[in-house]
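S.K.: Quick one, structure for this:
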Amino acid sequence: MGIHDVFATGAVITAICAFLTIFTGVFCAFTWCPIKHKASLLRIQSWVLFFCAAWLFATLVSYDYFFATRSAQITVNLRGLPIPEPVMQRLANLLNFTRAYRDVYFFKLVAVIPWLTFTSAVVAGVVLQLAAGRADASASNTKQQEKRDRVGP
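M.R.: Presented below is the predicted three-dimensional model:
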């Protein structure tokens, strides 16, 4: 078992955050491109962010569960002979070593910082949905104005 549980979920969290970074960079590049159906593109972008946020949320919940309730499984061998648990516990106390994930600083960072990424992704998705609605309204107003101009007074 070792630290596989927290390592695997931490790796997935890192991958999702990397995807969010890449997608956001690409989406920012599209803001300067003249696109005919801007509302559709904004909706697609928001749904991509919502999907990544949901995936990140599911992974963060499992990581936080591992972080709060589990600890590393450690075995020590000296020349092929396993060292008994009481000896290992005394050594751990002497060296101020902890097995609990919740007591390790970098695990605390992974348990907290990605929640900010999750919140940012959800807020960005909502803003993109609102922008898509305004782009639709603006496009329909423009079409109505063009019809009125064609018909004349």
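
S.K.: how close does Val12 get to Ile3?
M.R.: 14 Å (Cβ to Cβ, to the nearest Å). Every residue, glycine included, has its C-beta placed from N, CA and C.

S.K.: now do Asp136
M.R.: Distance, Asp136 to Ile3, by Cβ to Cβ: 49 Å.

S.K.: Check Gly80 too.
M.R.: Going from Gly80 to Ile3 by Cβ to Cβ gives 23 Å.

S.K.: These two: who's more crowded?
M.R.: The neighbour comparison of Gly80 against Ile3 (other Cβ atoms under 10 Å) goes to Ile3, with 18 against 5.

S.K.: Run through the residues that contact the more buried one.
M.R.: Neighbouring residues of Ile3 by Cβ atoms under 8 Å, 6 or more residues apart in numbering: 72-73.

S.K.: all numbers from here: first residue = 527
M.R.: In the new count, where the first residue is 527, that last one comes out as Ile529.

S.K.: tell me the helices in the protein, going along the chain?
M.R.: Residue ranges of the helices in the chain, as given by DSSP state H, are 530-556, 564-595, 611-620, 631-677.

S.K.: Next, the buried residues of the first one.
M.R.: Meaning helix 530-556. By 16 or more other Cβ atoms under 10 Å, the buried positions in helix 530-556 come out as 531-532, 535-536, 538-539, 542-543, 546, 549-550, 553.

S.K.: hmm, which two among these are most spread apart?
M.R.: In the buried residues of helix 530-556, two members sit farther apart than any others by Cβ to Cβ. They are Asp531 and Phe553, at 33.1 Å.

S.K.: got the phi/psi numbers for Leu621?
M.R.: Reported as degrees, to the nearest 10, the phi and psi values for Leu621 are phi -90, psi 0.

S.K.: and Leu617, how many residues sit next to it?
M.R.: When neighbours are counted by other Cβ under 10 Å, Leu617 registers 12.

S.K.: so who does it touch?
M.R.: Residues near Leu617 by Cβ under 8 Å, 6+ apart: Phe623.
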